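Enquirer: got a sequence here, can you build the structure:
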Amino acid sequence: MTWITIRTTGTRWEAELMQQILTAQDIPARVVNQGIAPHFGCSTPAALQVRLQDQWTALFLLSPVEDHSAEASEY
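Expert: Prediction:
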């Protein structure tokens, strides 16, 4: 199975939150640490990985929501 990195974060908890969002939609995901913490109490940088066939669905689910209400009020 091929896994690809779709996001990197400065803290592990951010990657775990995105992993929970994807898991709720039945998309397998994993979090990979990208180094060691500089000192006790700091989080490590992490990467969020998904299977290759789930790449675009995962990116869509994690993309920001566009706000069209401002555009609609101009017309």
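Enquirer: where in the chain is pLDDT low?
Expert: Residue ranges of the chain with pLDDT under 70: 37-42, 68-75.
Enquirer: quick one: the helices in this structure, in order.
Expert: 12-24, 55-62, 69-73 (DSSP state H).
Enquirer: okay, those, which one's buried deepest?
Expert: helix 12-24 (a mean of 16; mean count of other C-beta atoms under 10 Å). Bear in mind the C-beta positions are built from the backbone N, C-alpha and C, glycine included.
Enquirer: ok, back up a step: of the helices of the chain, which approaches residue 4 most closely?
Expert: Nearest to residue 4 among the helices of the chain is helix 55-62 (6.0 Å), distances taken as C-beta to C-beta.
Enquirer: that closest one packs against which elements?
Expert: Judged by 3 or more C-beta pairs under 8 Å, 6 or more residues apart in numbering; DSSP states H and E, helix 55-62 is in contact with strand 3-9, helix 12-24.
Enquirer: how about residue 16: what's its closest non-neighbour residue?
Expert: Closest residue to residue 16 apart from its sequence neighbours, by C-beta to C-beta, 6 or more residues apart in numbering: residue 31 at 5.7 Å.
Enquirer: next one: residue 60 from residue 51, what distance?
Expert: 15 Å (C-beta to C-beta, to the nearest Å).
Enquirer: for residue 35, same thing?
Expert: Taken as C-beta to C-beta, the span from residue 35 to residue 51 is 24 Å.
Enquirer: likewise residue 3?
Expert: 6 Å.
Enquirer: compare residue 35 and residue 51 (neighbour count), which wins?
Expert: residue 51 (15 against 8; other C-beta atoms under 10 Å).
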